[in-house]
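J.: Let's see this in three dimensions:
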Amino acid sequence: MPKINGNEIRPGYTLEHDGGLWVAVKVNHVKPGKGGAFAQVEMKNLRNGSKLNERFRSEDKVERTRLEQKDQQFLYENDGMLVVMDMESFEQVELPSDLLGERRPFLQDGMTVTIEYYGDEALNMALPQKVTCKIVETEPVVKGQTAANSFKPAILDNGVRVLVPPFVGTDEDIIVNTETFEYMERA
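T.: So this is what the prediction gives:
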């Protein structure tokens, strides 16, 4: 694995630090009046989700790791485990459902997900940014309600609550952003 200087750390880099795997979330380069410059790095542990703030001077060496990304197809859920299939070898793998966290309701049968592996260990699962969902419950459409920034609550077929524009009604398909949980457009 390549070692990089402390001032070369950028957001999104995966680092091996203190025996754990961390992803750099925020990086702030500081040049104090006295002493040498340093990078103030906010990191998140990829295994347990804990956060850490660390200072790295330019002469500090940090191990940068590369995670292998594989596109895999979600098949089904079995006792809290998600069964995915490798698109090339057709090998099926069971992964814990907590890899997705709060985005779990957006996972649909047959969906292609990107999984990041460190060796054989799955560390992260990413859904497509846009997912089509059906609205099961919302307030009725009110004629003449055309205010630019008025939104109403809606419940999707997966149980997630989102805010939608007033012209969207029950039983309509909409596209939702899986990162921000926001309405994007009609499907």
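J.: Mind exporting the C-alpha coordinates of the helix or strand containing Val93 to PDB?
T.: Using DSSP states H and E, Val93 sits in strand 92-96. What follows is strand 92-96, C-alpha atoms only, in PDB (Å, rounded to 0.1, in the frame of the first residue of the first chain):
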ATOM      1  CA  GLN A  92     -23.800 -15.500  -4.200                       C
ATOM      2  CA  VAL A  93     -22.600 -13.800  -1.000                       C
ATOM      3  CA  GLU A  94     -24.500 -13.000   2.200                       C
ATOM      4  CA  LEU A  95     -23.800  -9.500   3.700                       C
ATOM      5  CA  PRO A  96     -25.300  -7.900   6.900                       C
END
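J.: which strands and helices sit next to that strand?
T.: strand 68-78, strand 81-86, strand 121-126 (3 or more C-beta pairs under 8 Å, 6 or more residues apart in numbering; DSSP states H and E). From N, CA and C alone the C-beta is placed, and that goes for glycine too.
J.: residues making contact with the helix or strand just after it?
T.: Sequence order places strand 112-118 as the next helix or strand after strand 92-96, per DSSP H and E. For strand 112-118, contacts defined as C-beta atoms under 8 Å, 6 or more residues apart in numbering pick out 21, 46, 65, 67-74, 84, 87, 95, 99, 107, 122-128.
J.: quick one: strand 112-118 to strand 81-86, angle?
T.: Strand 112-118 and strand 81-86 meet at an angle of 90 degrees, taking axes from the mean of the first three to the mean of the last three C-alpha atoms, to 10 degrees as the criterion.
J.: If we go by neighbour counts, what in strand 112-118 is buried?
T.: By neighbour count on 16 or more other C-beta atoms under 10 Å, the buried set for strand 112-118 is Val113, Ile115, Glu116, Tyr118.
J.: which of those lies closest to Val160?
T.: Val113 (17.5 Å; C-beta to C-beta).
J.: Can you check the pLDDT for that closest one?
T.: On pLDDT, Val113 comes in at 92.
J.: swap in the one 10 residues further on?
T.: pLDDT, Leu123: 85.
J.: Show me how the protein divides into domains.
T.: 3-65, 68-126, 130-186 (automatic domain parsing).
J.: where in this protein is pLDDT low?
T.: 1, 141-148 (pLDDT under 70).
J.: tell me, what residue is most central in it?
T.: Ala126 (5.4 Å; C-alpha atoms, centre = their mean).
J.: Quick check: that residue vs Glu42, distance?
T.: 20 Å (C-beta to C-beta, to the nearest Å).
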